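Engineer: sequence and predicted structure are below.
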Amino acid sequence: MLKEFKNFILTGNVIDFAVAVIMAGAVGLVVNGFVNDIVMPVVGHFAGGMDFADLKYVLSGAEVAADGTVTKAENAIRWGAWINTIINLIIVGFVMFMIVKAYNRATNKQEEEAGPTQEDLLTEIRDALKK
């Protein structure tokens, strides 16, 4: 059983998947930082100087005791944070689109450089024999 697990864990697919998950987490952090630290301040500037992530619709306010402690937390719809998430999604989607586009371009060039496939050669031979 240990040998089977070792064979499973050392296959290329599992290692590739692990690398992809780690890279996705890193890309997610970079995109989140880009949106929160670069894009949203610009959007906030053009929206009147407000912090977009703090925009919310308060359903019920927080209740604060006389000593300053919060006895009941605020209940609010944080629509500004949701807009940040939508912008994150759009940026991640665009980055993934560009990565897939570059990968497809690279693999197409490799296929073109490799020359004709066996099927192409067999088709040419068949057509030549018919003539």
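Structural biologist: Received the coordinates, thanks. Residues are numbered from 1 along each chain as shown.
Engineer: quick one: the strands in the chain?
Structural biologist: Ranges of strands in the chain, per DSSP state E, are 57-60, 63-64, 70-72, 75-77.
Engineer: any low-confidence regions in this protein?
Structural biologist: By pLDDT under 70, the low-scoring segments of the chain are 12, 110-114.
Engineer: again, 80 this time
Structural biologist: 5-16, 35-36, 40, 43-44, 47-53, 70-71, 88, 92, 95, 108-117 (pLDDT under 80).
Engineer: what's the closest non-adjacent residue to the most centrally placed residue in it?
Structural biologist: Ranked by distance to the mean C-alpha position of the chain (CA atoms, centre = their mean), the top residue is Val92 at 4.0 Å. Nearest residue to Val92, sequence neighbours excluded (CB to CB, 6 or more residues apart in numbering): Val31, at 5.3 Å. All C-beta spots, glycine's among them, are computed from the backbone N, C-alpha and C.
Engineer: go on, Val39?
Structural biologist: Computed as CB to CB, 6+ apart, the closest residue to Val39 that is not its neighbour in sequence is Ile87, at 6.1 Å.
Engineer: could you check how far that neighbour is from Val21?
Structural biologist: According to CB to CB, to the nearest Å, Ile87 stands 23 Å off from Val21.
Engineer: show me where this structure has helices.
Structural biologist: With DSSP state H as the criterion, the chain has helices at 2-9, 12-34, 40-46, 79-114, 118-130.
Engineer: residues making contact with the shortest one?
Structural biologist: With contacts defined as CB atoms under 8 Å, 6 or more residues apart in numbering, helix 40-46 is touched by 50-53, 84, 87.
Engineer: ok, of those residues, which come out buried?
Structural biologist: Buried residues within the contacts of helix 40-46, counting neighbours by 16 or more other CB atoms under 10 Å: 52-53, 84, 87.
Engineer: can you name the two of those that sit furthest apart?
Structural biologist: Maximum pairwise distance among the buried ones among the contacts of helix 40-46 (CB to CB): 10.7 Å, between Ala53 and Ile87.
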